[in-house]
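1. here is a sequence together with a model predicted from it:
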Amino acid sequence: MCPPQIALDKSAAQPTATADNAADNIHKTEIVYVRIMERQHRINPAAMVKEHILNPMAQRLLPDTKKNSNQESPVNFFTGARRRFSDGDDNSDDVDDADSVMKSFRELTHLTTDQSTGEDGDGWLPKYKVPLKMFQIVESNKKRKNSVVVSFKFKNRSTKREFIFDTEDQANEFRQIIHDNQNLIQTRAKARLDWALKGIQLQEDERLTFLIDICSGSDLPQSDVGRQSDPYVIASFEGRQIHQTGYRSNNANPIWTLRKGSLFIWKVDALELFESRQGLVFEVKDYDTVGEDESLGFFSVSARTLYKWPDNERKVFALKPLPGETDFKQGKIAIRVRRATDYDIEFMETYNSKQTNLRSQPKMKGAAVIKEVLTKNSRKEKDGTREYRVRPGPDPKRQEATTWLTKDKLEQECMKASHNWVDIGCGNLGKIHLDVIKCDKLPNMDSGGNFGIKTDAFASLVYEDCFVQTDVISNCLSPRWMPWSQRAFVFNMMHTSSQLFIAVFDSDDTPLNDHDLCGRVSIDLCNFMPGTVYTLDYNLFPTAKSSPRDAKYGTITIRLRLELADEKTLVLSNMKLPQSVYVNVQTQKDFHVLRQTVEGNLDTKEYSLSTITAYCDELMSYLTIYYGLEDAVIRLFLWRGGKEVFIPAPDIATKSIKWFGFRFPLTSVIAFLSIINLVEKPDLIPSFLFASAGW
């Protein structure tokens, strides 16, 4: 059996235990694991008869002599590896040192670097790696002094193996090398700990409990095409995830609240915290419904910074790219940390026990995506005409005839009278009959557009105390609602000035994702004549502030008819102010649909940096107006000069006329004369009020 080989870096065998130069020392290379390799070569059956060869790592005997002699046999090979402190995990490339302390082994076995890969498949291949700190020599075989028994953990399983060397000296040297380098790891870990503490005195078995608040992000990078990212934050320690926030949809400046998982309690041993290499790591990712979430960057908070963090102080950290990820060169995250009190711990435990797991957003399963892509929505007949599948389904009374229709027949069918009407509302002034006929050129709100996945459209309608929705037309940018589907509604009128709101959404079946707004429109019903059937086309816009007002968000076609019960009652109702109404819905998703139908996607009450900035700008504009009014009132009542007036005056010295300017309180004079006249003639008050508007 070929002897084990260990390639150790000599530079790593120069430990420095003092804390003064520990900072320089931790950036030098060090051995971090033992690599297990296997050598593939052909076994001579005759040699196997003389000697029974055992492969302890593979836990099996080499092939029996009665079997095929060409079968290959693995033989174990050990090599040390080194890496820098700033390198990645164990998947990084290894560096073997040709001038290792085990060079004598290579000379004895005639295995040089050039011979590491032989011909005819006779070469060394990596098998797996074991961290050196988990690699322990437990005992020696008393019967065979040239063997070493070791134990280690591989894939969370404890394993014990016996390694047989050619000579006893090789076994002893192997033990000594493992022992020396394990001492080196401990020495360097002690040096790193002293350098991290820098005078901080930890109590024995000190345990830290932090309340961490992931406050907000600013200027986060955009990884999606045509929209902002959907960011969320993952907090991890020593490679273990300890917390994850919820994602904020389509937001480059997100603010995480308690409901979105901004707060969490983290308990850690103080010694374990300072022995960590990176401290607490925060990674920002972009949530995607389909596919893997993309990393937007990360930042780490050192153990010393966490330990000495002033209570409730808010700090901002810039994002850096992970190795191998895109460097967006932008984005910041603000967090707040304090030592958790007993009340904090009790509050978070109570809150988490009452909340559902908001952070486990389900993604679209692969089968659902494939089914959506493979569903055939059109077909070509033998005569060359193309037919389209009727969605959401055919007419129950004419299933065969209405399963597939041509484009012209689809248009004819959708314009026919509706079969089913939903009567809703508590008004008594009249009725509004409305059919949602079709939409055209809707934007694709799904991220799988390249795979044929399109908007799943449905219409939402809000009128006074009424809130209704049509059927969903899946995977279509120009949906047609058929007469037998849910598309027709009768609204009972409470007041003539009430507006009708219609919006089109992209349906999202995942529980925690909101329906995406395609566009909306508000309709004033005051200009429609009763008893007349109107077929109306409206452009859709996500908000009333959309500019420029073009039709890039699609159009909607509706059919509308008014019925009035009593015109006299209708006229008298205009003398009263419309009453406020409240609409209750069952789910939060329906609430978001209702709100966006009425207000659009511009939420003036959303808790975000942009909303706060808008309110601040509005207050500043009011302050500017106040300053102007204050100055005008002071000038008016204190007769301060505002208008510069020039009058002629003789100049005796030059015997000529010169013009002298002075500020005359013209505004105060006009106000004074106006008040005098109004006291005597109060019937002129309306005239003076209109005149003052221009003044």
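-> Thanks, I have it.

2. how near is T289 to D516?
-> The spacing between T289 and D516, counted by Cβ to Cβ, to the nearest Å, is 11 Å. Quick note: C-beta positions are derived from backbone N, CA and C, even for glycine.

3. what's near enough to touch N377?
-> Y388, R389, R391, N475, C476 (Cβ atoms under 8 Å, 6 or more residues apart in numbering).

4. return the subset of the residues you listed lying in helices.
-> Among the contacts of N377, no member is found in helices (DSSP state H).

5. tell me the one of these nearest I214?
-> I214 has its nearest neighbour among the contacts of N377 in N475, at 36.9 Å by Cβ to Cβ.

6. residues shared between the contacts of T289 and D516?
-> D508.

7. so for those two, which sits in the more crowded spot?
-> Between T289 and D516, counting by other Cβ atoms under 10 Å, D516 is the more crowded of the two (20 against 17).

8. before we move on, back to that, farthest-apart pair in the contacts of N377, please.
-> Using Cβ to Cβ, the two most remote members of these are Y388 and N475, lying 11.5 Å apart.

9. the two - which one has more neighbours?
-> N475 (20 against 16).

10. test my guess that the more buried one contacts D456.
-> Yes: counting by Cβ atoms under 8 Å, D456 is a contact partner of N475 at 6.4 Å.

11. before we move on, the earlier item: give me the subset of the contacts of N377 that lies in strands.
-> The strands, defined by DSSP state E, take in Y388, R389 from the contacts of N377.

12. looking at the contacts of N377, which is nearest F541?
-> Taking those together and measuring to F541 by Cβ to Cβ, the closest member is C476, at 20.6 Å.

13. quick check, that closest one in contact with D446.
-> No: counting by Cβ under 8 Å, C476 does not reach D446; the two are 11.3 Å apart.

14. beta-bridge partners for the residue most central in space within the chain, please?
-> The centre of the chain sits closest to P231, judged by Cα atoms, centre = their mean, with a distance of 2.2 Å. Assessed by DSSP bridges, P231 has beta-bridge partners D286.

15. list the contacts of it.
-> Residues counted as contacts of P231 (Cβ under 8 Å, 6+ apart) are G217, L220, Y247, R248, N251, P254, V284, K285, D286, Y287, L296.

16. considering those, which possesses the most neighbours?
-> P254 (29 neighbours).

17. got the residue ranges for the strands in the stretch 251-400 of the chain?
-> 263-269, 280-286, 294-301, 313-318, 332-339, 378-380, 386-389 (DSSP state E, counting those that start in this stretch).

18. can I get those in a markdown table with distance to T597 and mean pLDDT?
-> Listed next are the strands of the stretch 251-400 of the chain as a markdown table, based on distance: least, Cβ to Cβ, whole Å; pLDDT from 0 to 100:
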| stretch | distance to T597 | mean pLDDT |
| --- | --- | --- |
| strand 263-269 | 32 | 92 |
| strand 280-286 | 28 | 94 |
| strand 294-301 | 32 | 93 |
| strand 313-318 | 37 | 92 |
| strand 332-339 | 34 | 93 |
| strand 378-380 | 31 | 82 |
| strand 386-389 | 28 | 88 |
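
19. my guess is L211 contacts D342. True?
-> No: in this structure L211 lies outside contact range of D342 using Cβ under 8 Å: 11.3 Å.

20. of these two, who's got more company?
-> Comparing L211 with D342 by neighbour count (other Cβ under 10 Å), the higher total belongs to L211, at 20 against 8.

21. show me the contacts for the more buried one.
-> L263, F264, I265, V337, R338, R339, A340, T341, D344, M348.

22. now the first one. Nearest residue, chain neighbours left out?
-> Looking back up the chat, that one is L263. With Cβ to Cβ, 6 or more residues apart in numbering as the criterion, L263 has its nearest non-adjacent residue at 5.4 Å, and that residue is D213.

23. and that neighbour, that one's in a strand?
-> Yes: D213 sits within a strand when classified using DSSP: H, G, I helix; E, B strand; the rest coil.

24. got a pLDDT number for it?
-> On pLDDT, D213 comes in at 94.

25. and K133, how close does it get to F274?
-> Going from K133 to F274 by Cβ to Cβ gives 17 Å.

26. for G641, that is, sorry about that
-> The value you get for G641 to F274, if Cβ to Cβ is used, is 73 Å.

27. these two: which is more packed in?
-> The residue with more neighbours, out of G641 and F274 and counting by other Cβ under 10 Å, is F274; that gives 21 against 14.

28. pretty sure that one sits against L197.
-> Yes: counting by Cβ under 8 Å, L197 is a contact partner of F274 at 6.0 Å.

29. which neighbours do the two share?
-> R304.

30. which outside residues touch stretch 220-228?
-> By Cβ under 8 Å, 6+ apart, stretch 220-228 touches 229-231, 250-254, 284, 286, 288, 294, 296-297, 319, 326, 328, 330-331, 447.

31. any of those residues buried? List them.
-> When neighbours are counted using 16 or more other Cβ atoms under 10 Å, those contain these buried positions: 229-231, 251-254, 284, 286, 288, 294, 296-297, 319, 328, 331, 447.

32. on that earlier part again, check the strands of the stretch 251-400 of the chain for me and report the most buried one.
-> strand 280-286 (a mean of 22; mean count of other Cβ atoms under 10 Å).

33. run the chain-centre distance for that strand.
-> 10 Å (Cα atoms, centre = their mean, to the nearest Å).

34. determine the set of other helices and strands touching that strand.
-> With contacts defined as 3 or more Cβ pairs under 8 Å, 6 or more residues apart in numbering; DSSP states H and E, strand 280-286 has these neighbours: strand 207-218, strand 231-237, strand 294-301, strand 332-339.

35. need the CA coordinates for it. PDB is fine.
-> Taking C-alpha atoms only, strand 280-286 is exported to PDB below (Å, rounded to 0.1, in the frame of the first residue of the first chain):
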ATOM      1  CA  LEU A 280     -22.200  38.900  12.000                       C
ATOM      2  CA  VAL A 281     -22.800  38.800   8.300                       C
ATOM      3  CA  PHE A 282     -25.800  40.500   6.500                       C
ATOM      4  CA  GLU A 283     -26.500  39.500   2.900                       C
ATOM      5  CA  VAL A 284     -29.100  41.400   0.800                       C
ATOM      6  CA  LYS A 285     -30.900  39.300  -1.900                       C
ATOM      7  CA  ASP A 286     -33.500  40.000  -4.600                       C
END
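
36. what about the stretch 1-150 of the chain, any weak spots by pLDDT?
-> Where the stretch 1-150 of the chain drops to pLDDT under 70, the residues are 1-129, 139-142.

37. rerun that using 80 as the cut-off
-> 1-136, 138-145 (pLDDT under 80).

38. the stretch 501-650 of the chain now?
-> Using pLDDT under 80, the flagged stretches of the stretch 501-650 of the chain are 509-513, 543-552, 565, 567, 570, 574, 601-611, 614, 640-645.

39. so which residues of it form helices?
-> For the stretch 501-650 of the chain, the helices defined by DSSP state H, counting those that start in this stretch occupy 567-573, 588-599, 609-637.

40. winner for burial among those helices?
-> Highest mean neighbour count among these (mean count of other Cβ under 10 Å): helix 588-599, a mean of 18.

41. so which elements touch that helix?
-> strand 457-463, strand 466-469, strand 499-506, strand 516-524.

42. out of these, which is the most enclosed?
-> strand 457-463 comes out most buried of the helices and strands packed on helix 588-599 by mean count of other Cβ under 10 Å, with a mean of 24.

43. not counting sequence-adjacent ones, nearest residue to Y582?
-> D465 (7.6 Å).

44. in contact with that neighbour, which residues?
-> G425, C426, M494, V581, Y582, V583.

45. out of the residues you listed, who's the most crowded?
-> Most neighbours among those, by other Cβ under 10 Å: M494, with 21 neighbours.

46. dump the residue contacts of the closest residue in space to that one that isn't next to it in sequence.
-> Take M494 and drop its neighbours on the chain: the residue closest to it by Cβ to Cβ, 6+ apart is G427, 3.6 Å away. Going by Cβ under 8 Å, 6+ apart, G427 touches E464, F491, N492, M493, M494, H495.
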